[in-house]
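In: Here is a sequence together with a model predicted from it:
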Amino acid sequence: MKSKLTAVLLVMNVLLVGCGFFFLQQFSGAPKKIEPSPEQTANIRAHLKSLREKPQAKGLSNTNFVYVTNSFHWSHLESADYREYIEKLRLVGCPGATIKDIIITDIMRLYAARRGEFYHNGREFRFWETDEKRKLKASQLEEREKQLAQIDDEIPTVLRELLGINYEREINKFFVDANEDERRLNFISEDKRDQVLSLRDEIEGMREKILGKATGALLPAQIEEMRRIEEHRRAMLAQILSPSELEEFELRTSETADRLRGELIGFEPSAEEFRNIYSAMKEHDEKFAHTDADHPLIARAKEEELRAIENELRRQMGETRYAEYQRARDPEFRSAALFAELYELPSSTAAHIFDIQQIAMEERMNLLSNGNIPEENRLAALQAIQAETEKSLLRILGTKLLSNYTQSSGSWVTELGYSN
């Protein structure tokens, strides 16, 4: 976290210097003080007097005099109140993206200083003292964790209040993928993209205010408020996007679609199959959003509705394809699929690994559940299952990849030969 924060501050400082250069170029371009002569002053006064006395022409009822100056200094903008500071930046024409960079830099520097206060024990540095004297004591460590947790909670709230932005998303732009939004939304125009991203930030802020007040499961009034926010989101999106664009937008960005992309690893659905699964699950997810999943009546209703959805999907897919769909729901298969994808193996590799695992685990369970087998015989049989499993996997993966597999997602292979 420390190195990540340092990198963020470095990037932000570069942006802040750039912004300063921008303003200096705009407002501090070597101004020259020009004093008008007495004759020029008299002419200006006479001209202004004639304007005041002359009847105003039609359409010129509001004459505005614009005074232009090249004198600019950062002290004109700085304020102890961040909201006032932001407003002043807007008034001088500072771009929104630049305002965001300035404020984030300042906020991060402020909280970095606060963090730093809790990383030393307050002792004066003495060159003859060994390291343990300067280390934090148990009570100080406890207080540090408490304060750092508070800071971690404060930063997202402060940035949301001041700029209406998602803290994690902004930070990830420097470390993960700065173009994720553009990639997902490249099917709409830049203007529409800016509008829906602005709406997303607004909706997230509204939801966070409700969730921040919740101490457990949402109350009925809070659930209703969340639904009203969702209705508002849909209404606003319908004003920005065409019906086909809105459908595509939801398929690319909704929580249901993201969840399905994670749950269906290795299934390799077609676009039509994904749309069908998504349509069935989206309605279900929205119906039970924010409800108490542990409540018996709600749990039963969810289970019954999911059963109906699964039956309909089976009818649409057919038995063979539905079996593949069900297999993709198994975490062990998904793990094998991810490994095969990582090493660019044929898509059938995951199915072969999963089948071998299922057979080996079933044989192992049969041995462990049979109380009539002596322990030494049981252990020998388990080790034989492990050896045979490794041979089967070796034919599929080869020596190097088998080693990689057993050291990562295939740790189950090395556990086959043990009885506990």
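Out: Perfect, I can see it now. Numbering: from 1, shown residues only.
In: in stretch 381-397, what counts as buried?
Out: Neighbour counts over stretch 381-397 (16 or more other CB atoms under 10 Å) mark Ala381, Leu382, Ile385, Gln386, Thr389, Glu390, Ser392, Leu393, Ile396, Leu397 as buried. Any C-beta I mention is one placed from the backbone N, CA and C, and that applies to glycine too.
In: next one: phi and psi at the fourth one?
Out: Backbone torsions for Gln386, taken as degrees, to the nearest 10, come to phi -60, psi -50.
In: wait, it sits on Leu416?
Out: Yes. Taking CB atoms under 8 Å as the definition, Gln386 is a contact partner of Leu416 at 3.9 Å.
In: Common neighbours of those two, please.
Out: Common contacts of Gln386 and Leu416 (CB atoms under 8 Å, 6 or more residues apart in numbering): Ala360.
In: wait, doesn't Leu306 sit right on His284?
Out: Yes. Counting by CB under 8 Å, His284 is a contact partner of Leu306 at 6.8 Å.
In: and Ser79, what pLDDT?
Out: Predicted confidence (pLDDT) at Ser79: the value is 62.
In: likewise Gly417?
Out: Gly417 carries a pLDDT value of 87.
In: dump the residue contacts of it.
Out: With contact set as CB under 8 Å, 6+ apart, Gly417 has these partners: Leu379, Leu382, Gln383, Ile385, Gln386, Ala387.
In: And the residue lying closest to the third one once chain neighbours are set aside, how close does it get to Cys94?
Out: Yep, that's Gln383 we're talking about. Distances taken as CB to CB, 6 or more residues apart in numbering put Gly417 closest to Gln383, at 4.2 Å, once the chain neighbours are dropped. From Gly417 across to Cys94, the span is 67 Å (CB to CB, to the nearest Å).
In: do the same with Thr253
Out: The gap separating Thr253 from Cys94 is 30 Å, by CB to CB.
In: These two: who's more crowded?
Out: It is Cys94, of Thr253 and Cys94, that has more neighbours when counted by other CB atoms under 10 Å, with 19 against 14.
In: For the more buried one, give me the pLDDT.
Out: On pLDDT, Cys94 comes in at 85.
In: quick one: secondary structure of it?
Out: When classified by DSSP: H, G, I helix; E, B strand; the rest coil, Cys94 comes out as coil.
In: measure it to Ala217 for me?
Out: In this structure, Cys94 and Ala217 are 44 Å apart, going by CB to CB.
In: the helices in the stretch 301-420 of the chain, which residues?
Out: 319-328, 331-342, 348-369, 375-406, 412-415 (DSSP state H, counting those that start in this stretch).
In: tell me the most buried of those?
Out: The highest average neighbour count among the helices of the stretch 301-420 of the chain, using mean count of other CB atoms under 10 Å, belongs to helix 331-342 at a mean of 19.
In: so what does it touch, helix or strand wise?
Out: Judged by 3 or more CB pairs under 8 Å, 6 or more residues apart in numbering; DSSP states H and E, the packing partners of helix 331-342 are helix 319-328, helix 348-369.
In: Let's see that with 10 Å instead.
Out: Counting contacts by 3 or more CB pairs under 10 Å, 6 or more residues apart in numbering; DSSP states H and E, helix 331-342 is packed against helix 255-263, helix 319-328, helix 348-369, helix 375-406.
In: can you list those in TSV and add distance to Ala238 and mean pLDDT?
Out: Below are the helices and strands packed on helix 331-342 laid out as TSV (distance: least, CB to CB, whole Å; pLDDT from 0 to 100):
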stretch	distance to Ala238	mean pLDDT
helix 255-263	18	93
helix 319-328	32	95
helix 348-369	40	94
helix 375-406	48	94
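In: Can you check which of these gets nearest to Ala337?
Out: Across these, Ala337 has its closest neighbour in helix 348-369 (4.0 Å, CB to CB).
In: export the closest one as CSV, just CAs?
Out: Only the C-alpha atoms of helix 348-369 are listed here, as CSV (Å, rounded to 0.1, in the frame of the first residue of the first chain):
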residue,chain,number,x,y,z
SER,A,348,-11.2,-29.6,-24.2
THR,A,349,-8.3,-29.8,-21.7
ALA,A,350,-10.4,-28.4,-18.9
ALA,A,351,-13.0,-31.0,-19.4
HIS,A,352,-10.4,-33.8,-19.4
ILE,A,353,-8.8,-32.5,-16.2
PHE,A,354,-12.2,-32.2,-14.5
ASP,A,355,-13.3,-35.7,-15.5
ILE,A,356,-10.0,-37.2,-14.1
GLN,A,357,-10.5,-35.2,-10.9
GLN,A,358,-14.1,-36.4,-10.5
ILE,A,359,-13.2,-40.0,-10.9
ALA,A,360,-10.2,-39.8,-8.6
MET,A,361,-12.1,-38.0,-5.9
GLU,A,362,-15.0,-40.5,-6.1
GLU,A,363,-12.6,-43.4,-5.7
ARG,A,364,-10.9,-41.7,-2.8
MET,A,365,-14.2,-41.1,-1.0
ASN,A,366,-15.2,-44.8,-1.5
LEU,A,367,-12.0,-45.9,0.2
LEU,A,368,-12.3,-43.5,3.1
SER,A,369,-15.9,-44.5,3.7
